[in-house]
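[1] what follows is a protein structure lacking sequence information:
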């Protein structure tokens, strides 16, 4: 089974919304609606125009996972919308890892040196995944002042892509 990664926009809106809301609401009971996430209906404006991206992982032409980058300053971005369908999670598929590596490559190629993300405590496997990928948990007060905070997020992580500085 081959995984295809590609930049996606609103032509995949229905699949994107379906994938993300199902995981948030049904699987993890996160109290969030589509109305709370207007970015999902304006992918080009919200992600691409400021210099970020929105990537999809496809298996047999079906969306199996997403990851997005909101560029919020010259050299920093926020990871958003990292979701993989339940049946495609885990090392055997490696979709989350491929999506993250693709986003990190995009960030490096576009002069972004710091990646941040916010999540919720219930997503323990996600937190372990980020820690394995060298993200450090930080306090909310350590976030850059222009970090685009999402209402439900209470756990925050940071990855410096240029650890030599």
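    That came in fine, so what should we check first? Since we're looking at a predicted model, the values are computed, not measured. Numbering: from 1, shown residues only.

[2] what about residue 99, how many neighbours?
    25 (other CB atoms under 10 Å). (Each C-beta comes from the backbone N, C-alpha and C, glycine too.)

[3] contacts only, for it.
    Contacts for residue 99 (CB atoms under 8 Å, 6 or more residues apart in numbering) come out as 5, 55, 57, 65, 66, 67, 82, 84.

[4] for my notes, confirm the third one occurs in a strand.
    To tie it back to what came earlier, the one meant is residue 57. Yes - secondary structure of residue 57 (DSSP: H, G, I helix; E, B strand; the rest coil): part of a strand.

[5] mind listing the residues bridging to the closest residue to it other than its chain neighbours?
    The shortest distance from residue 57 to any non-neighbouring residue, by CB to CB, 6 or more residues apart in numbering, is to residue 65 (3.9 Å). Beta-bridge partners of residue 65, counted by DSSP bridges, are residue 57, residue 84.

[6] can you verify my assumption that residue 65 contacts residue 96?
    Yes - using CB atoms under 8 Å, residue 65 is in contact with residue 96, at 6.7 Å.

[7] give me the common contacts of these two.
    Overlap of the contact sets of residue 65 and residue 96 (by CB under 8 Å, 6+ apart) consists of 82, 84.

[8] the lowest-mean-pLDDT helix or strand in the chain: which residues count as buried?
    When the helices and strands of the chain are scored by mean pLDDT, DSSP states H and E, helix 124-132 comes last with a mean of 93. Residues of helix 124-132 classed as buried by neighbour count (16 or more other CB atoms under 10 Å): 126, 127, 129, 130.

[9] which ones are touching the second one?
    Translated: residue 127. 119, 121, 137, 155, 157.
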